[in-house]
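Visitor: model this:
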Amino acid sequence: EAESVLAEAQRRVSASVQASERTEPIEVQAKGAEKALEQARLQVANPDELLTDSRWEAMVLTFKQSESRLLGEWCAEKRRGFADAVACPIPKALADLADLAAAKEGEPALIWNAAKTEVVIAARAADGRVTMVKGGAPVQKNRTWQLVLGSLLALLALLGFIYRKQLRPHLGAYAYVFPAMAAVIVLVFVPFGYGLSLSFYDVTPTREAFVGLTNFTDILFARGAGDPHSFYYTTLITVVWTAVNVFLHLAIGLFLALVLQDPKLRFKKVYRVLLIIPWAIPNYITALIWKAMFNAEYGLINRVFSLGSFSWFDSPLTAFCANLATNVWLGFPFMMVTALGALQSIPKELYEAADVDGAGRWRKFTHVTLPLLKPAMIPAVILGVIWTFNLSFNVIYLVSGGAPDGATDILVTQAFRYAFEQYRYGYAAAYATIIFGILMAYTMITNRITKATEGAFE
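Guide: Prediction:
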């Protein structure tokens, strides 16, 4: 009976989609959400009584065109045993239907996914209770964010009490600083603390359970280093991606800054404006433009270089190069502006003294320019590494999409996929925590080694 129900559901979805106007959006409404909510309340109150229920109405899907014409509604399935002691209105049928939709494209998949989300939300709202039971003991909702916020406020109050004598003469100054500090606490420390706590839980749309360090051990040891989806392989790709990008950003930016600093160059202001444009345009727009340029059928790059229908995203190397070209285009203006500002701050007397000593261009560059560029460029390189390592999401996701088969994904896009494509929120939080640890260690080590905050003339 279950197989026939699923087959009929699949047939009705296909028929409804085919009957609709393909150019008009389909409004998806999960009308069964209220009924699912009521069923959730009943289950929480009388779980044993519902074990004998032979049938289970999961939800009703309503498909509407822009004219609101009813196209179809129906989905029911015989309940199966409580193998996992499920205590939420998400029957096996819904998972089966989602699996069917996963093999499809377009509206069917969107319909089933939207319906599943609505039912999950309804279930989680039932009496503020849990959505799944394991071993007969309910897994309570994660209230850690409240504990984090309360702990931070308590810590601030304690520090204020301890140092009240020292703070009293400066209360006026602290009153001005308080709004900014409150914003930092709410917008930075609380989300960070909540994300850190979430990494110790197994959190999905239907389950919350404390798992300790399991997420971290799974990330670090569950897959072999050669697996394209393993943490170590993705980290290697991320490190290579970051190193190549920052090197090209620095080389191109410094070269253009030296060219713009040449006193013989005319129309400098025009060139500066033109070279800053890639940095000024939102990066997601630039990423989409470059993706279109790399298109196998109508892409500008294939036409200019007579490459025919060459597909850039079928090979890890060419897909990496496509991402690289896009990110270099976005990143070199920052290095150019930083280097140009540093060059303009170098006293001309130093170059005049070098001329008196008979130094050529190369010796002036290596003995005067580079040493005095160091205080400005090293912090810029550190920032460039952090941005490229952690903030290249738009380029990877929009240009190659990780193709082929995740081979060009970096750590941040992989964490995104775990959270918003696989709905493994705790696992993704653990992934993000590891990324934060890597960047924090890198920043501390580089600052200590390079002493980037020291002045040029100290």
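Visitor: Can you classify residue 306 as helix, strand or coil?
Guide: coil (DSSP: H, G, I helix; E, B strand; the rest coil).
Visitor: Quick one: residues contacting the closest residue to residue 284 other than its chain neighbours.
Guide: Leaving aside its sequence neighbours, residue 284 sits nearest to residue 394 (CB to CB, 6 or more residues apart in numbering; 4.8 Å). Yep, even glycine has a C-beta here, placed from its N, CA and C like the rest. With contact set as CB atoms under 8 Å, 6 or more residues apart in numbering, residue 394 has these partners: 283, 284, 287.
Visitor: Show me the strands in this protein, by range?
Guide: Using DSSP state E, the strands found in the chain span residues 27-30, 55-56, 61-64, 70-72, 77-78, 133-134, 137-138, 201-204, 207-210.
Visitor: Pass me the low-pLDDT residue ranges in the protein, would you?
Guide: Flagging of the chain using pLDDT under 70 yields the residue ranges 1-149, 206, 451-458.
Visitor: what comes up buried for the lengthiest helix in it?
Guide: Longest helix in the chain by number of residues (criterion: DSSP state H): helix 231-261. Residues 231, 233-235, 237-238, 241-242, 244-246, 248-250, 252-254, 256-257, 260 are the ones in helix 231-261 that count as buried (16 or more other CB atoms under 10 Å).
Visitor: Generate a ChimeraX selection restricted to the buried entries among the contacts of residue 394.
Guide: The ChimeraX selection below is limited to those of these classed as buried (16+ other CB under 10 Å):
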select :283,287
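Visitor: May I see the contacts of residue 394 arranged in JSON lines, with distance to residue 369 as well?
Guide: Putting those into JSON lines (distance: CB to CB, whole Å) gives the following:
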{"residue": "283", "distance to residue 369": "30"}
{"residue": "284", "distance to residue 369": "36"}
{"residue": "287", "distance to residue 369": "34"}
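Visitor: out of the contacts of residue 394, who's nearest residue 180?
Guide: Distance to residue 180, by CB to CB, is smallest for residue 283 among these, at 27.3 Å.
Visitor: which ones are touching the closest one?
Guide: With CB under 8 Å, 6+ apart, residue 283 has these contacts: 330, 394, 395.
Visitor: Which ones among these lie within helices?
Guide: Using DSSP H, the contacts of residue 283 in helices are 330, 394, 395.
Visitor: Residue 405 and residue 313, how far apart?
Guide: 11 Å (CB to CB, to the nearest Å).
Visitor: Looking at the two, which has the bigger crowd around it?
Guide: residue 313 (21 against 10; other CB atoms under 10 Å).
Visitor: That one reaches residue 294, doesn't it?
Guide: Yes. Judged on CB atoms under 8 Å, residue 313 makes contact with residue 294 at a distance of 7.4 Å.
Visitor: Mind listing the shared neighbours of the two?
Guide: Contacts common to residue 313 and residue 294, judged by CB under 8 Å, 6+ apart, are residue 322.
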